[in-house]
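> structure for the following, please:
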Amino acid sequence: MSEILSNNFVPLMFGGLIVFLLAGFPVAFSLAATGLFFGLIGMEIGLFPANLFQALPLRVFGIMQNDTLLAIPFFTLMGIILERSRMAEDLLETVGQVFGPLRGGVGIAVVLVGALLAATTGVVAASVISMGLIAMPIMLRYGYNRAIATGTITASGTLAQALPPSLVLIVLADQLGRSVGDMYSGALIPGLMLVSLYLLFIVAVAIVRPKWVPALPPEARIYNQPNGSSGHRSLLILMAISVGAALFWAQIHESVLNPWMGRSSPAPSDETFILSFTIGTFVAFGLAVVNKVFRIGLLSRLTERVTFVLIPPLVLIFLVLGTIFLGIATPTEGGAMGAIGAIVMAGVRRTLSFKLLQQALENSTKLAIFVMFILIGSTVFSFTFNAADGHIWVEHLFDKLPGGQLGFLLFVNLLVFVLGFFIDFFEIAFIVIPLLVPVAQKLDVNLIWFGVLIAMNLQTSFLTPPFGFALFYLRSVAARNDYDDVVTGKRIKAVTTGQIYQGSIAFIALQIIMVAVILFNPTLVTGSLSKPIVVDESSVRDMLLNMPGLDDPFGDDNDKPPSMEGFGPRRDAEEVDPAKALEDALK
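Sure, this is the predicted structure:
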């Protein structure tokens, strides 16, 4: 019996975990119980030493001391305060008025506001529910195709999975052992490309099927000028000035910041992008403030509304991400700054109350405790799992996969896609990802690229019928019965579950295209990462020769070219880049 248990210990552990989960135990307690139970069995049959769990308390305390995970409650607090302070309503109304005169304009507004909410809340449920409550009645009121309306809302809400400062990216960076800043940098360009794909799709629908995405009627445009003009002209002029300022900063960015930071290498593209847009938004906001304070009257009502509603959250996003990308602040510090900024913004808007702050703190605390318990449970499970050489067992599972690195990535993406139907991304990140990391490293897979692929894949599974979480979130707030519209008085039919499922199909196809693009073009992710510093032997030799106090570190024969033999690792040992090792240690 002992021999059977020893030979099949790891598969039995997985079976035990499934039994605990099917019995209805919470995931965190199922993981911990499986790890402890099978650890005791392993000690009884002589597979493990009796002192196996002596180091476990240190592991648990190490989790509690992990500063990176503090970013989760900070960003959650920031998102909840902004969402509860009616920011989403104001953004949808304002952006909807900007694009409303165009066919598909409300759909474009939903995508853009979804991207903004993703960059502020970082939580899928909050984004989908907010836009479902606010945008769905407007889209149905003015005759939008129901599949387009539901699909746009659910897809835009799931952008919170992959756009910084996504909670998914924070957790994945922690589990992959990589910098959260690098994960944010790698995910920025793919995330913006996905937003662009959504916008192009809505534009294409407006061209091919214009009746599906009608423009807002004239009576629904509430920020027109007294003379009847829409006010878009002054908005375009202010935008041109803002973009000009951003482009000007992009040209001088390196010459200004590189000497200040003591950097000789070119500035990363994501850093330049974030700071250029920050400068542009500051210029636009400053001009709008001057216009309002001195009552110059050069800006239209629409322009002022856009400036004062849209720019504050944009500036907050750019400041948080910009300080992270510049290396001025860690993601944890950036999250804390974002939370304080959200509280200040809510106070300025006069929507901050003790009840709102209490709810935000309670929800942030609950989420932090939820994550912490799952992480502790997964640590107990992996403790026993690794002691039984489970990582080697997992590596052998992938030995027979054809295609090498590509075959592994395709299989893992399919696995994560299916798992995303049934379990939350926290469980996937804490249970599945640690099992796959050793195999990915063995196949020389860049882990930042790997993490962004997983985040994009999880976003796709959140949309896929019949189990996609985003579909359930929208179903919970969409009208289940026919109702009379409060504005037009028309009878609006209920939204069916089939219509929600149908609407997600086109956006699933777009996300699969984006996953494929990232899979076959890893430079989209890795191109924005800082390159490792390469140190050659001659530079190290020159440095040693010029060290004070060393007359001849290489011997008495000065006529003979110095040799590096004896310095550094042996040639038959694994090559180690000392600068890279130092950089990793600092991270």
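> please count neighbours and contacts with C-alpha atoms only from this point.
Fine.
> can you tell me what sits against the helix or strand hosting Gln405?
Assigned by DSSP states H and E, Gln405 belongs to helix 404-422. For helix 404-422, the external contacting residues (C-alpha atoms under 8 Å, 6 or more residues apart in numbering) are 398, 401, 428, 440, 443-445, 453-454, 457-458, 460-462, 464, 467-469.
> among those, which ones are in helices?
Phe398, Ala440, Leu453, Ile454, Asn457, Leu458, Thr460, Ser461, Phe469 (DSSP state H).
> thinking again about what came up before, got the buried residues for the helix holding Gln405?
By neighbour count with 16 or more other C-alpha atoms under 10 Å, helix 404-422 contains the buried residues Phe408, Leu409, Val412, Asn413, Val416, Phe417, Val418, Leu419, Gly420, Phe421.
> also stretch 194-210?
Leu194, Val195, Leu197, Tyr198, Leu199, Phe201, Ile202, Val203, Val205, Ala206.
> in helices, which of those appear?
Counting by DSSP H, the buried residues of stretch 194-210 place Leu194, Val195, Leu197, Tyr198, Leu199, Phe201, Ile202, Val203, Val205, Ala206 in helices.
> ok, now which ones touch the first one?
With contact set as C-alpha under 8 Å, 6+ apart, Leu194 has these partners: Leu510, Gln511, Met514.
> the last one: what's its closest spatial neighbour, skipping adjacent residues?
So that's Met514. Leu194 (6.6 Å; C-alpha to C-alpha, 6 or more residues apart in numbering).
> ok, now how distant is the one you found from Pro438?
Separation of Leu194 from Pro438 (C-alpha to C-alpha, to the nearest Å) stands at 29 Å.
> picking that back up, now the two most distant members of the buried residues of stretch 194-210.
Leu194 and Ala206 (18.7 Å; C-alpha to C-alpha).
> and stretch 404-417, C-alpha only, in CSV?
Extracted in CSV, the C-alpha atoms of stretch 404-417 (Å, rounded to 0.1, in the frame of the first residue of the first chain):
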residue,chain,number,x,y,z
GLY,A,404,8.1,22.6,-28.2
GLN,A,405,7.6,26.2,-26.8
LEU,A,406,4.7,26.9,-29.2
GLY,A,407,2.9,23.6,-28.3
PHE,A,408,3.3,24.4,-24.6
LEU,A,409,1.9,27.9,-25.0
LEU,A,410,-1.1,26.7,-27.1
PHE,A,411,-1.9,23.9,-24.6
VAL,A,412,-1.6,26.3,-21.6
ASN,A,413,-3.8,28.9,-23.2
LEU,A,414,-6.5,26.3,-23.9
LEU,A,415,-6.2,25.0,-20.4
VAL,A,416,-6.5,28.5,-18.8
PHE,A,417,-9.3,29.4,-21.2
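> gap between it and the chain center?
20 Å (C-alpha atoms, centre = their mean, to the nearest Å).
> what pLDDT does the model give Ile512?
Per-residue pLDDT puts Ile512 at 90.
> the one 3 residues further on too?
Predicted confidence (pLDDT) for Val515: 90.
> hmm, it is touching Gly451, no?
No: counting by C-alpha atoms under 8 Å, Val515 does not reach Gly451; the two are 11.9 Å apart.
> okay, those two: which has more neighbours?
Gly451 (25 against 22; other C-alpha atoms under 10 Å).
> can you name the residues that contact that one?
Gly451 touches Leu169, Leu172, Ala173, Leu176, Met183, counting by C-alpha under 8 Å, 6+ apart.
> identify, from those, the entry nearest to Leu133.
Among the contacts of Gly451, and counting by C-alpha to C-alpha, the member closest to Leu133 is Leu169, at 26.9 Å.
> what's the neighbour count on that closest one?
Count around Leu169 with other C-alpha under 10 Å applied: 28.
> and it, how far from Leu326?
18 Å.
> just the closest of the contacts of Gly451 to His253, please.
For these, the nearest to His253 is Met183 (22.7 Å; C-alpha to C-alpha).
> which SSE is that closest one in?
helix 180-208.
> what about the strands in the stretch 351-500 of the chain?
Applying DSSP state E, counting those that start in this stretch to the stretch 351-500 of the chain gives strands spanning 483-484, 491-492.
> tell me which of those lies nearest to Pro214.
strand 491-492 (16.4 Å).
> on that earlier part again, out of the buried residues of stretch 194-210, who's nearest Phe520?
Nearest member of the buried residues of stretch 194-210 to Phe520, counting by C-alpha to C-alpha, is Leu194, at 15.6 Å.
> low-confidence stretches in the stretch 451-587 of the chain?
528-587 (pLDDT under 70).
> quick one: mean pLDDT for the helix holding Gln405?
Helix 404-422 comes out at a mean pLDDT of 83.
> kindly report the same for stretch 91-101.
83.
> got the CA positions of it in CSV?
Only the C-alpha atoms of stretch 91-101 are listed here, as CSV (Å, rounded to 0.1, in the frame of the first residue of the first chain):
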residue,chain,number,x,y,z
LEU,A,91,-17.9,59.9,-18.0
LEU,A,92,-20.5,58.0,-20.0
GLU,A,93,-22.8,61.1,-20.3
THR,A,94,-19.9,63.4,-21.3
VAL,A,95,-18.2,61.0,-23.8
GLY,A,96,-21.6,60.0,-25.1
GLN,A,97,-22.4,63.7,-25.9
VAL,A,98,-19.0,64.1,-27.7
PHE,A,99,-19.6,61.1,-30.0
GLY,A,100,-23.4,61.0,-29.9
PRO,A,101,-23.9,62.9,-33.2
